[in-house]
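1. quick one, structure for this:
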Amino acid sequence: MKGGPMRAFSMVLLASVLAAPVHADGFPREVTDDRQRPLEITAQPERIVALAAVGLDMIVALGREPVGITTYEGALPAYRGDAVAGSVDLGQAPSPKLELLDTLSPDLTIGSLRYHEPLGKEISRSGDFLILEPAGVEKSQAIVTAMGPAVGTEAEAARMNAEFAYLRADYVSRTGGEVPFFLFVWGFFDTFYAYQDNLMTAQLLSDLGASSLMGFNTEVQSAQEAVHPLDPEELWPSIPTCCSFFPKSTARYSSIASSAA
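-> Numbers count the residues shown, from 1 in each chain. As a prediction, the model looks like this:
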């Protein structure tokens, strides 16, 4: 069977993780976040705020609905659907409205190292504050492992990681043929950044045999800094096989996407 060893390894991983003991009511719990600081969470959080997209994605994937979130370009993430329909908009991710955050009385707030660590003192006044900064594949899985105990969903976190490992190995086993070139572009209003290979999105595409136009950045201390500001009009002489933009609501998206087509 094609990809048999990888598939077999992933199934063993899935079985071993799901068989691991789960402590349903094991609070208080200690979690170490990306500030390398231990945080004691005294009870299972009921009111969770996500100040960054990664925190939001993980919370929703673990079956929890956040009471507050930040937005990009003033828009709620459409791909999250009803999971954020009742969430309070705390403004732009780089500069959340801390006064509004206080009114939500969160048990746990999840933020990013880049934007929210400098606001740690103010945010911590509202409740426990956890910073997660995933970048590469292994780091992302480690954070899922840490997030499970933090919100009381260890079994679901273990299942997520095991299923991800299985799917990753399965897709890698099916690669082959012509090597495409790709570019992943993140837009914030009228500014565009191309992802470099330090980041998980680019790593996964590289796993599948694609080649990034941006390469790996060896000079940054944090993988989250591995984004290259660009002017798309100057990029198209090296047109990639595939170009993905996020979010599509960016003001210049339509004209740039059409020029890339």
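2. packing partners for the helix or strand harbouring residue 158?
-> Using DSSP states H and E, residue 158 maps to helix 154-173. If you count contacts as 3 or more Cβ pairs under 8 Å, 6 or more residues apart in numbering; DSSP states H and E, helix 154-173 packs onto helix 4-18, helix 137-151, helix 200-207. In short, each C-beta sits where N, CA and C put it, glycine included.
3. how far does the last one sit from its chain's centre?
-> Relative to the centre of its chain, helix 200-207 is centred 13 Å away, using Cα atoms, centre = their mean, to the nearest Å.
4. counting by contacts, list what that helix packs against.
-> helix 137-151, helix 154-173, strand 181-188, strand 211-212.
5. adding mean neighbour count, mean pLDDT and distance to residue 29, write the ones you listed out as CSV.
-> Formatted as CSV, the helices and strands packed on helix 200-207 follow (neighbours: other Cβ atoms under 10 Å; pLDDT from 0 to 100; distance: least, Cβ to Cβ, whole Å):
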stretch, mean neighbour count, mean pLDDT, distance to residue 29
helix 137-151, 20, 86, 5
helix 154-173, 18, 92, 10
strand 181-188, 20, 76, 33
strand 211-212, 18, 80, 38
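6. now the residue at minimal distance from the centre of the chain: how far from residue 94?
-> Note on the chain: the residue nearest the mean C-alpha position is residue 54, at 3.2 Å, using Cα atoms, centre = their mean. In this view, residue 54 and residue 94 are 14 Å apart by Cβ to Cβ, to the nearest Å.
7. residue 127 too?
-> Using Cβ to Cβ, residue 127 is found at 21 Å from residue 94.
8. more crowded one of the two?
-> Taking neighbours as other Cβ atoms under 10 Å, residue 127 and residue 94 compare with residue 127 leading, 19 against 14.
9. the more buried one is in contact with residue 106, isn't it?
-> Yes: the pair residue 127 and residue 106 passes the contact test of Cβ atoms under 8 Å, sitting 4.6 Å apart.
10. do I have it right that residue 152 meets residue 42?
-> No: in this structure residue 152 lies outside contact range of residue 42 using Cβ under 8 Å: 11.9 Å.
11. common neighbours of residue 127 and residue 106, please.
-> residue 47 (Cβ atoms under 8 Å, 6 or more residues apart in numbering).
12. so what's residue 130 up against?
-> Counting by Cβ under 8 Å, 6+ apart, residue 130 makes contact with 31, 33, 39, 108, 109, 110, 111, 150.
13. next: residue 196.
-> Applying Cβ under 8 Å, 6+ apart, the residues contacting residue 196 are 202, 212, 214, 215, 216, 217, 226, 227, 228.
14. let's see that with 10 Å instead.
-> 184, 202, 212-218, 220, 223, 225-228 (Cβ atoms under 10 Å, 6 or more residues apart in numbering).
15. now residue 38
-> Residues in contact with residue 38, defined by Cβ under 10 Å, 6+ apart, are 30, 31, 32.
16. how about 7 Å then?
-> 30, 32 (Cβ atoms under 7 Å, 6 or more residues apart in numbering).
17. okay, it: pLDDT?
-> As predicted, residue 38 sits at a pLDDT of 88.
18. distance of it relative to residue 230?
-> Taking Cβ to Cβ as the measure, residue 38 falls 39 Å from residue 230.
19. okay, now the unreliable bits of the stretch 51-200 of the chain?
-> Along the stretch 51-200 of the chain, the parts satisfying pLDDT under 70 run over 77-78, 177, 179, 188-189.
20. go again using 80 as the cut-off
-> Scanning the stretch 51-200 of the chain for pLDDT under 80 picks out 72-81, 133-136, 175-192.
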